[in-house]
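# Starting from these lines, generate the structure:
(one chain, ligands or ions: 2)
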Amino acid sequence: MSSKIYELQQEIRELLKEKNAIMLAHNYQRDEIQEMADVTGDSLALSQIAAKTDAEVIVFCGVHFMAESASILSPKKTVILPRIEAGCPMADMVTVEKLIEKKKELPGVPVVCYVNSSADVKAESDICCTSANAVKVVNSVKGERVLMIPDMNLSMYTARFTKKEVIPWKGFCPTHQYLKPSDVLEMKKQYPNVKFVAHPECTPEVLDLADHICSTSGMYKYAKESDAKEFIIGTEMGILYKLKKENPQKKFYLCSNKLICPNMKLTTLEDVYIGIRGMENIIKVPEEIRIPAKKALDRMLEISRDQIN
Ligand code: 13P
Ligand code: SF4
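Ligands and ions are numbered 1, 2, ... in the order given. From the prediction side, this is the model:
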């Protein structure tokens, strides 16, 4: 680690202490951010922490919908998103107007909303889910059909494990969508008999080639508990930091060098320092949206209460 990174991390640590702040980082963040965060995790784990932390300030190193969820769950806390423009293109593939239109076509059909969505979309949904609990959430809602937004790949994956009819929305994550079966087959040829682990945001054709499918935190668990020594990884490259750190005797190969989310890579240590020093880029959700959005998140958290990621 360079001395500049080390110094900046020290200064951030002091500011975090001074402001009674907690630093949360998603598993796709840059290595030096993950290295110093108080907690790293997947979307579910980070929302569970945001809901119960005693800290007054949450510095959220991730993308907009994640910081927004933290603010929805903890309205009295100050939630900082160090790079305000760090968004999620998949979340932008559903708007509240389009969702309201669709709901009119499907009266009475519950809406299950992936947390990768904006607050106003959550507010129009019955319950949220993450990649770690989607099947559980879909099975928990009443009725034979559900509308699942916005990720069509997660919807199709979930449909494999439920008797309900899952109506998908046509959104997708560009980072996972562009991983092709040919990329996987090439890697499997290069590394024969190596386990391929994929995120459910990948296409069904890619998932068909996977030995294991799980959320980002599920990958840490799988890598740790598996007897295998080598893995081909089908998700964003940021995951490699902790996989390698926690399993120094094992080898991890990124399935493709296309697996980079530009939004997740925006946040730097400098941004974190500036954000917390000036208490800048605060995420706040108006009460009329926050309250119904919180209901959808709370329902999900209630179902996932015992799920440790
Ligand atoms: P996880 O919930 O598995 O961390 O994935 C969320 C995601 O796609 C972040 O982009
Ligand atoms: Fe959104 Fe995909 Fe980036 Fe996750 S990896 S933030 S789903 S674009």
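
# only C-alpha atoms for contact and neighbour calcs from this point on.
Fine.

# what about the spatially closest residue to Ala119 that is not a sequence neighbour, neighbour count?
Distances taken as Cα to Cα, 6 or more residues apart in numbering put Ala293 closest to Ala119, at 6.0 Å, once the chain neighbours are dropped. Counted with other Cα atoms under 10 Å, residues neighbouring Ala293 total 26.

# again, but for Pro89
Pro89 has 17 nearby residues by other Cα under 10 Å.

# wait, doesn't Phe252 sit right on Phe231?
Yes - using Cα atoms under 8 Å, Phe252 is in contact with Phe231, at 4.9 Å.

# Where in the protein is the helix or strand with the lowest mean pLDDT?
helix 43-52 (a mean of 87; mean pLDDT, DSSP states H and E).

# ok but Leu24 is inside a helix, no?
No - counting by DSSP: H, G, I helix; E, B strand; the rest coil, Leu24 is not part of a helix but strand.

# Would you check how far apart it and Asn139 are?
30 Å (Cα to Cα, to the nearest Å).

# Which of those two has more residues huddled nearby?
Leu24 (24 against 16).

# Run the angle between the one helix or strand Lys221 maps to and helix 43-52 for me.
Here Lys221, judged by DSSP states H and E, is contained in helix 216-225. For helix 216-225 against helix 43-52, the angle by axes from the mean of the first three to the mean of the last three Cα atoms, to 10 degrees is 110 degrees.

# who's in contact with the residue positioned nearest the centre of the chain?
By Cα atoms, centre = their mean, the chain has its centre lying nearest to Ser43, at 3.8 Å. Going by Cα atoms under 8 Å, 6 or more residues apart in numbering, Ser43 touches 26, 66, 115, 130.

# Put together TSV for these, with distance to Glu124, neighbour count and secondary structure on each row.
Shown next, in TSV, are the contacts of Ser43 (distance: Cα to Cα, whole Å; neighbours: other Cα atoms under 10 Å; DSSP: H, G, I helix; E, B strand; the rest coil):
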residue	distance to Glu124	neighbour count	secondary structure
His26	26	26	strand
Met66	18	26	helix
Val115	13	26	coil
Thr130	17	20	coil
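
# among those, which are within reach of ligand 1?
Thr130 (Cα under 6 Å from any ligand atom).

# if I pick Ile303, what's in contact with it?
Contacts of Ile303 by Cα under 8 Å, 6+ apart are 136-137.

# mind running it again at 10 Å?
Going by Cα atoms under 10 Å, 6 or more residues apart in numbering, Ile303 touches 129, 133, 136-137, 140.

# can you check Glu186 too?
192, 255-256.

# Look up how far Gln48 lies from it.
The spacing between Glu186 and Gln48, counted by Cα to Cα, is 38 Å.

# For the chain, what lies in contact range of ligand 1?
Contact residues, the chain versus ligand 1 (Cα under 6 Å from any ligand atom): 42-44, 130-131, 215-216.

# which one in those residues is the model shakiest on?
Least confident of the residues of the chain next to ligand 1 in the model: Leu44, at 82.

# Next, count neighbours for it.
24.

# Provide the backbone phi and psi angles at the nearest residue to it once chain neighbours are set aside.
Once flanking residues are discounted, Leu44 sits nearest to Thr130: 6.1 Å by Cα to Cα, 6+ apart. Main-chain dihedrals, Thr130, degrees, to the nearest 10: phi -120, psi 180.

# hey, where'd the strands end up in the stretch 51-200 of the chain?
Here the stretch 51-200 of the chain has its strands, by DSSP state E, counting those that start in this stretch, at 57-61, 78-80, 111-114, 127-129, 145-149, 165-168, 195-198.

# Run the angle between the first one and helix 43-52 for me.
Right, the one you point to is strand 57-61. 170 degrees.

# Tell me which strands strand 57-61 pairs with, and in which orientation.
strand 21-26 (parallel), strand 78-80 (parallel) (DSSP bridges).
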